[in-house]
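Novice: would you be able to build a 3D model of this:
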Amino acid sequence: VAGSPFTQQPICEKYSPRSFSLFVFHRGGTRTLPPSGDDASIGPFNNMRRKKRSALTGYVLALLLLTGATAVVAQQPEAWSRPSSVVGENYYHYVAAGETLIELARDAGVGYGALIQANPGIDPWQPPVGAEILIPRAAIVPYLAQPGITVNLAEQRLYLIQQGDNERFIRSYPIGIGREGNDTPTGQYRVITMIANPSWTPPPSVRAEQPDIPGVVPPGPDNPLGDYWIGLSTHSIGLHGTNRPYGIGRQVSSGCIRLYPEHISILFRRVDIGMPVTIIDLPIKLGHLDGRLYLETHPDPDGKIAAPLTEIIRQRDLLAPDEQIDWQQVRLVLDQRKGVPHPVSASTVPAEQ
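Specialist: Here you go, the predicted structure:
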């Protein structure tokens, strides 16, 4: 990119929702920002609500307006303490005529894969009119999450955690990640480049498949990087937008992390050079909120966690060692792997699935 200190070529892509989640935590508890517009879903986790939604415009505007809240990125990791770790709120949507789940995913601000995972048995291309669709907006913040950016590949979600003196902001965004053979790497990195309206230099692998592709793709609608590039300190991997938003919630990139165009524009304004970026792959997450344990599980096709029950006990001992676990509920959640937080405390009456 001419006239910029850009030395890391964004070569990760093969190709050339509107909402996100914002949670605010105070010391000693969670402060729920007052909703505005159409019931902005901000604050602690609540059980799923049933609400008919055919248009989310007011919902989106309310969330975008709330991003003006001031936050400072924590500079001392040792000062970090985990917040109440179950955040967000699920709700139900009733399918309208002609609606598909891939369109609904973007409108609802969730990844396509997450929506399919939360609604097994529903035809994504021809869902029955009037069918009740769970919109999975609740999530357990991974116990490994740190101030800065944390990406969990297993759930295809990015967490931006910023901390001030008395409050902590957690924003979550759905993402797309690397496809098989071009896996997004795990590890500890930092932001080293930030470019608005980037050009894209196709890597040799893409040029071999598409010999007629230009040597450099300029900014614009044909650029697979979208409008923003956030480069990381590894392997020419970065976070960026996309000109194919229906790839969010899928493994389709050449290693980079894609966000919806409307999300990357927000993230770009809140990221700084040097910000730490942690990429993990954690398919089992245990959370604790209001005296109850919640379990969220995602598919683990490679068997990264060989002993799931042992892992759950380990996370329980870190978060709430005195809590008793309902193992019948745990086995149900492990079997379903719907990617939705579910109560698993021994004294908890199960929430509806």
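Novice: give me the neighbour count for P299.
Specialist: P299 has 13 neighbouring residues, counting by other Cβ atoms under 10 Å. (C-beta placed from N, C-alpha, C; glycine too.)
Novice: burial count for L318?
Specialist: 12.
Novice: tell me how many other residues surround the residue lying closest to P136 once chain neighbours are set aside.
Specialist: Spatial nearest neighbour of P136, chain neighbours left out: A118 (4.2 Å); criterion: Cβ to Cβ, 6 or more residues apart in numbering. When neighbours are counted by other Cβ under 10 Å, A118 registers 20.
Novice: again with D272
Specialist: With other Cβ under 10 Å as criterion, D272 counts 9.
Novice: wait, it sits on I192?
Specialist: No: using Cβ atoms under 8 Å, D272 makes no contact with I192, being 11.1 Å away.
Novice: let me see the contact set for the residue nearest to P136.
Specialist: L134, I135, P136, K338, G339, V340 (Cβ atoms under 8 Å, 6 or more residues apart in numbering).
Novice: out of those residues, flag the one nearest to L295.
Specialist: V340 (9.7 Å; Cβ to Cβ).
Novice: ok, back up a step: what's the distance between the residue nearest to P136 and V340?
Specialist: Note on A118: its distance to V340, by Cβ to Cβ, to the nearest Å, is 6 Å.
Novice: one more: F268?
Specialist: Where V340 is concerned, F268 sits at a distance of 29 Å (Cβ to Cβ).
Novice: ok, longest strand in this structure?
Specialist: strand 187-196 (DSSP state E).
Novice: mean confidence for whichever helix or strand comes after it?
Specialist: Later in the chain than strand 187-196, the nearest helix or strand by DSSP states H and E is helix 204-209. For helix 204-209, mean pLDDT is 78.
Novice: in helix 204-209, which residues are buried?
Specialist: V206 (16 or more other Cβ atoms under 10 Å).
Novice: mind listing residues that contact the helix or strand following that helix?
Specialist: Using DSSP H and E, the helix or strand that follows helix 204-209 in sequence is strand 228-232. Contacts of strand 228-232 with the rest of the structure, by Cβ under 8 Å, 6+ apart, involve 6, 8, 10, 189-198, 237-241, 264-265, 267-268, 271, 277.
Novice: may I see the buried residues of whichever strand or helix holds R168?
Specialist: Applying DSSP H and E as the criterion places R168 in strand 167-174. Within strand 167-174, the residues that qualify as buried by neighbour count (16+ other Cβ under 10 Å) are E167, R168, F169, I170, R171, S172, Y173, P174.
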